[in-house]
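*Asks:* sequence and predicted structure below; questions after.
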Amino acid sequence: MAMLGFLKSAGRVALARNPSPFLCSSLKQAAVPSLFRMMSALASQNDVLFRQLFDRETCTYTYLLADTQTKEAVLIDPVIDLAERDAKLVGELGLELKYVMNTHVHADHITGTGLLKKLVPGCQSVIAEVSGAVADVLIKHGETVKFGEHELEVRSTPGHTNGCVTYVSHNLKSVFTGDALLIRGCGRTDFQEGSAETLYESVHSQILSLPEDYVVYPAHDYKGNTSSSVGEEKQFNPRLTKPKDEFIEIMNNLGLPYPKKIDISLPPNKVCGLYNLPDELAAKLED
Ligand SMILES: N[C@@H](CCC(=O)N[C@@H](CSS)C(=O)NCC(=O)O)C(=O)O
Ligand SMILES: [Fe+2]
């Protein structure tokens, strides 16, 4: 342990930046980087708070992630009707909410981003630049969103909408897929800028290419599932295990009714839930 340069400080495992000079150069090149990554991941997992929150009405999952040392936190895909719940939790846990992030312009509910900006002053809204929506921070593929010592990698995963992104936490071995990949399913491609072909390419190249033990956390589940894994979805996803042409055929024949709230959701979601709200929700922002 000592030879590899691990430090224990204040109940937190930290990894020395300088690996041992006693290791031969081939080991330094091969073993140390992977050991370094492995131990960094283990150390970081202990320092992350993770909560999966649920909206019963739209079956939407909201995720709270925080660095337990610095207290910096992010929320992924909050729902406006539950923004007060989320703000209360953030306050109770003594967290400093840095970013309220969206995986895409949602069509089935109004994002909680705008209301959370009011309830938790100082936090910033985040969405992909490609989405065309307005936000404080417009992210792009390959960028990272940092909270404390932790970060989420942004991967562009269009197909459900043009601006869909997936957030990857390599420390937590977790992937927040929005509506691109659902558990044993995927986002529909019949409205917004949907394209079954694009979605197939996105999910295979950006999500199912991750290590098989990465946990999949989607934006919705309609059957009571909470999470899956990349390996499970590669084996059991009834749509994405098919060849591309069969996948496109399936997606073009889903026959799903439009989401009930699509008309009231899209206009505010294009400005991260700040304007064009239905009256009763607008009143909350005016209080
Ligand atoms: N019944 C719900 C909407 C259900 C729905 O269309 N879900 C979307 C994700 S929200 S844009 C979807 O992509 N579903 C894929 C599927 O296979 O179910 C409502 O009225 O809100
Ligand atoms: Fe969606």
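*Replies:* Ah, there it is. Ligands and ions are numbered 1, 2, ... in the order given.
*Asks:* pLDDT at the residue nearest to the spatial centre of the chain, what is it?
*Replies:* With distances taken as C-alpha atoms, centre = their mean, the residue of the chain nearest its centroid is residue 176 (3.3 Å). pLDDT recorded at residue 176 is 99.
*Asks:* how much space separates it from residue 253?
*Replies:* Distance from residue 176 to residue 253, counting by C-beta to C-beta, to the nearest Å: 28 Å. For the C-beta atoms, the positions are set from N, CA and C on the backbone; glycine is no exception.
*Asks:* so which bits of the stretch 101-250 of the chain are right by ligand 1?
*Replies:* Proximity of the stretch 101-250 of the chain to ligand 1 is confined to 107-108, 179, 185, 187-188, 220 under the rule C-beta under 6 Å from any ligand atom.
*Asks:* mind checking which of those residues are in strands?
*Replies:* residue 185 (DSSP state E).
*Asks:* please name the nearest non-neighbouring residue to the residue nearest to the centre of the chain.
*Replies:* Once flanking residues are discounted, residue 176 sits nearest to residue 167: 4.3 Å by C-beta to C-beta, 6 or more residues apart in numbering.
*Asks:* quick check, that neighbour in a strand?
*Replies:* Yes. Looking at residue 167 with DSSP: H, G, I helix; E, B strand; the rest coil, it is inside a strand.
*Asks:* enumerate the beta-bridge partners assigned to it.
*Replies:* residue 154, residue 176 (DSSP bridges).
*Asks:* which residues touch residue 221?
*Replies:* 59, 61, 182-183 (C-beta atoms under 8 Å, 6 or more residues apart in numbering).
*Asks:* again, only using 6 Å
*Replies:* Shown in contact with residue 221 (C-beta atoms under 6 Å, 6 or more residues apart in numbering): residue 183.
*Asks:* what of residue 176?
*Replies:* Contacts of residue 176 (C-beta under 6 Å, 6+ apart): 63, 76, 167, 217.
*Asks:* likewise for residue 47?
*Replies:* Contact analysis of residue 47 by C-beta under 6 Å, 6+ apart lists 68-69.
*Asks:* now it. Its backbone dihedrals?
*Replies:* Note on residue 47: its backbone torsions stand at phi -100, psi 10 [degrees, to the nearest 10].
*Asks:* now it: how far from residue 88?
*Replies:* Residue 47 is 23 Å from residue 88, by C-beta to C-beta.
*Asks:* same question for residue 186.
*Replies:* 33 Å.
*Asks:* these two: which has the busier surroundings?
*Replies:* The neighbour comparison of residue 186 against residue 88 (other C-beta atoms under 10 Å) goes to residue 186, with 28 against 12.
*Asks:* ok, that one - contacts?
*Replies:* Residue 186 makes contact with residue 239, according to C-beta under 6 Å, 6+ apart.
*Asks:* same check, this time on residue 175
*Replies:* Applying C-beta under 6 Å, 6+ apart, we find residue 175 in contact with 168, 210, 214, 216.
*Asks:* and residue 234, by the same measure?
*Replies:* By C-beta under 6 Å, 6+ apart, the contact set of residue 234 is residue 208.
*Asks:* phi, psi for it please.
*Replies:* Dihedral pair for residue 234: phi -60, psi -30, per degrees, to the nearest 10.
*Asks:* and residue 62, by the same measure?
*Replies:* The phi/psi pair for residue 62 (degrees, to the nearest 10) is phi -120, psi 140.
*Asks:* state the number of residues packed around the residue of the stretch 1-150 of the chain found nearest ligand 1.
*Replies:* Relative to ligand 1, the nearest point of the stretch 1-150 of the chain is residue 108 (3.6 Å; C-beta to the nearest ligand atom). Neighbourhood size, residue 108 [other C-beta under 10 Å]: 21.
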